[in-house]
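# Next input, structure requested:
(2 chains)
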Amino acid sequence: MADLIYLDNGATTRVDERVAEAAMEAMLVAWGNPSSAHNLGAEAARRVQRAREQVAAAVAGEASEITFTSGGTEANALALLGLARLKHVVVSAFEHPSVADAARALIERGVEVTTVAPSSSGVVSPEAFAAAVRPDTALVACMWVQNEIGTVQPVEAVARAVKLKAPRCHVHVDAVQAVGKLVVDVGAAPFDSLAISGHKIHAPKGVGALWLRRGARLKALVFGGGQERGLRPGTEGVPGIVALGLAAELAVAARAEAAPRMTVQRERLWTAIVAAVPSARRNGEPATTAPHILSVGFGGVPAEPLLHALEAAGVYVSAGSACHARDKKPSATLRAIGVPDDMGTIRLSLSRHTTDDEIARAAEAVIACVRELS
Amino acid sequence: MSDAATPREVVLVRWGEIFLKGDNRGFFERALVDNVRRSVAAIPGVTIQRMHGRLVVRAGEGGARPVTRALERVFGIVSVSPARVVPRELDAISAAAIEVARIEAAKHVQPTFKVESRRSDKRFPMNSMEVSRDVGAAVIGALALPVDVHHPRFTVGVEIGYEDAFVFAEVLPGPGGLPTGVTGRVELLLSGGIDSPVAGWMLLKRGCSLGATYFHSFPYTGEKTQDKVERLGRQLAAWQLQPMRLSVVPFTDVQKQLRDASGDGRLAVVLYRRMMMRIAERIAYRAGAKALATGEALAQVASQTLENLSVIGASTRMTILRPCLGHDKHETITLARRIGSYETSIEPYDDCCSLFVPEHPETKAKLAVVESMESRLNIPAMVEDCFARTTNVTCEPR
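Residues are numbered from 1 along each chain as shown, chains lettered A, B, ... in the order given. Predicted coordinates:
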């Protein structure tokens, strides 16, 4: 595994060792129940509070606005399914399944859902959102960074445009792929809620958070002992929460230096690939793509075999439709931006630990495998 | 002698078709006993005793339930009954029958019953009719239940063994079939799909023992597909009650050569399948198997037309068994759910047969055309090369 070049950080990341140690400490030392009245409980509660402050700081929000969840999926579910008396909802056409399928569940409950299509460069326009919004629209959801192709959505402009037309409409943003890569500031625009995931930023799987603007209200989806102000009851997963707090702090601290470096590496990777394989097609414009994601299609090269061939060469990536490969249908995201079905598309996603040498070797491997399979 | 204060539970095991097998009966019964023994090996305190036309499995501390669960997977068993063990005395038998009847009667609104008796030990002083009559009278005396000899709501069974008597009411169906291992060894072509594990299971049911061959086309099929096939292998091993060999054949290079030889690719699947049969035959000979088996169903997909099946079959002299041949898809799925393979089979996987194949493959292959395509290749060398690079995995019963 020494030579493993991991360019699948959009799927998950390796846990930072400092984060793992903090989680371990929460398991072996501060293992009390935060709800307990004694000092063991207080010790655990203090750690949860510290993590709440860290996560709040990472998105420039307040600690009281953070609700810990089991991950990004649950944070999205809370925002989409937790609003009362919905009539009309607007979402982008290429949301992550945790949002898209929640919207589908809303349809079954009698809610009207309008989808906003992206342009061929993988970006939705604030104008299109504004046009879809009606006076009775109660919820708008738009992701910050598209998970498959990495394009950055103008969420701040979307939020402003929506609020102009429907001031009481709840604006939710799935920021799972944005934290640590872009400046995420919940005060910069009239957002109401924001979803965060731990394992995309070097914390373990199984923890995430929802930032919910003070004053905004959601209903709980599960019931229990009133933890997380009753919005997400159940004994706090202290080790994961502690890990998320530290990971968020580290990610945001590293961003100023890591984001430009990843952008340079991503461009170097693309330049090398397209120089050797001129027919390669890139999804998304460089200027409107998050630093860590490169989505590339190769005509006539099947994506999954390319993934396996790269794996054999020690380079780990995702195939176009990534995790939802169950029935091997072409990705809805790729279709939404007009990529042909026979265009094998892979996603190479970097982390702040990716080295220049890894990028150079990965480019060589991609070129060799594409030639082998075409 | 059983201790009347703490009666141990037993499970009576009945078998069926074995009786029809004349001279082979002893062999079949021994195989069944061996398989029963294997199926309960992991349950502490279980002992097995042969009775005339019955097996008596004495449950350990955990009672009869784990035993009946384990016996659900033993082919050859027609039915089982959790039973009470009592001394061979009419009073003890009657007392147990009253207890059993009391429990059963509570399950019905208008309970009626009868008693059915059977003697393994014909020296027992009363005949079956007399035992039924006297035990029935005792139940009527104690519970005032009406008898209905034609359509009783429940039946109390009494069996007189050589050392003990057994009383029961429940008769649970077994999986039927023949004891695995008695009909011979078959080599199964196992993919990650729904059909081939079902085909293997149907052959286990008819007494075959299995080895399996899986064709791996890295990078076109990934590690997850092989993991999945191994899990299906372990599920089949659980029904075989013994570990199963899974041979993994690296098929990529051969497949590319066949694709190139197939021109427009419309016959590629037929070429792949013929090559798979040849390689599986090679493995089968080594393993002492007498036949090959596939999950093919007639006309289910393009490669399974009558024409294509016969061209595929012409590639080997070994018999190809196709137990799913007459199944509709939903019939195979129903069986897969029962076997426990369905949830595994529907996980995403890559089927190497769909590689390099055009949307409309040939449905009426002609042997002469296929053979002329193959004549440009050194088929025996390709088979030998694949065989030499084949690796074996042992699938333990899960």
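# show me what contacts the residue in chain B that chain A sits nearest to?
Among the residues of chain B, residue B:219 lies closest to chain A, at 3.1 Å counting by CB to the nearest CB. Where you see a C-beta, it was placed from the backbone N, CA and C, and this is true even at glycine. With contacts taken as CB atoms under 8 Å, 6 or more residues apart in numbering or on different chains, residue B:219 has the following neighbours: A:305-309, A:311-312, A:373, B:252.
# the helices in chain B, which residues?
Under the criterion DSSP state H, chain B contains helices at B:25-39, B:64-71, B:90-105, B:128-143, B:195-205, B:223-240, B:252-261, B:268-287, B:306-313, B:329-339, B:342-345, B:367-374, B:379-389.
# near chain A, which residues of the stretch 101-250 of chain B?
The stretch 101-250 of chain B comes close to chain A at residues B:218-223, as judged by CB under 8 Å from any CB of the partner chain.
# how does it look with 10 Å?
Counting by CB under 10 Å from any CB of the partner chain, the positions of the stretch 101-250 of chain B adjacent to chain A are B:217-225.
# burial measure for residue B:106, as a count.
The number of residues packed near residue B:106 is 8, by other CB atoms under 10 Å in any protein chain shown.
# where's it relative to residue B:144, distance?
According to CB to CB, to the nearest Å, residue B:106 and residue B:144 sit 14 Å apart.
# Give me the nearest residue to whatever residue of the stretch 251-374 of chain A ends up closest to chain B, chain neighbours excluded.
Nearest to chain B in the stretch 251-374 of chain A, going by CB to the nearest CB, is residue A:308, at a distance of 3.1 Å. Distances taken as CB to CB, 6 or more residues apart in numbering or on different chains put residue B:219 closest to residue A:308, at 3.1 Å, once the chain neighbours are dropped.
# give me phi/psi at that neighbour?
Note on residue B:219: its backbone torsions stand at phi -90, psi 10 [degrees, to the nearest 10].
# Show the buried residues in the contacts of residue B:219.
A:305-309, A:311, A:373, B:252 (16 or more other CB atoms under 10 Å in any protein chain shown).
# that older thread, can you lay out the contacts of residue B:219 as TSV showing secondary structure?
Conversion of these to TSV gives the following (DSSP: H, G, I helix; E, B strand; the rest coil):
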residue	secondary structure
A:305	helix
A:306	helix
A:307	helix
A:308	helix
A:309	helix
A:311	helix
A:312	helix
A:373	helix
B:252	helix
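# Turn the residues you listed into a markdown table, including pLDDT.
Rendered in a markdown table, the data for these read as follows (pLDDT from 0 to 100):
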| residue | pLDDT |
| --- | --- |
| A:305 | 90 |
| A:306 | 93 |
| A:307 | 93 |
| A:308 | 93 |
| A:309 | 94 |
| A:311 | 95 |
| A:312 | 94 |
| A:373 | 89 |
| B:252 | 93 |
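# Now for those residues: which two are most distant?
Pairwise distances among the contacts of residue B:219 were taken by CB to CB; the largest, 15.0 Å, belongs to A:307 and B:252.
# who in the stretch 251-398 of chain B is up against chain A?
Counting by CB under 10 Å from any CB, the residues of the stretch 251-398 of chain B lying close to chain A are B:252, B:346-351, B:354-356.
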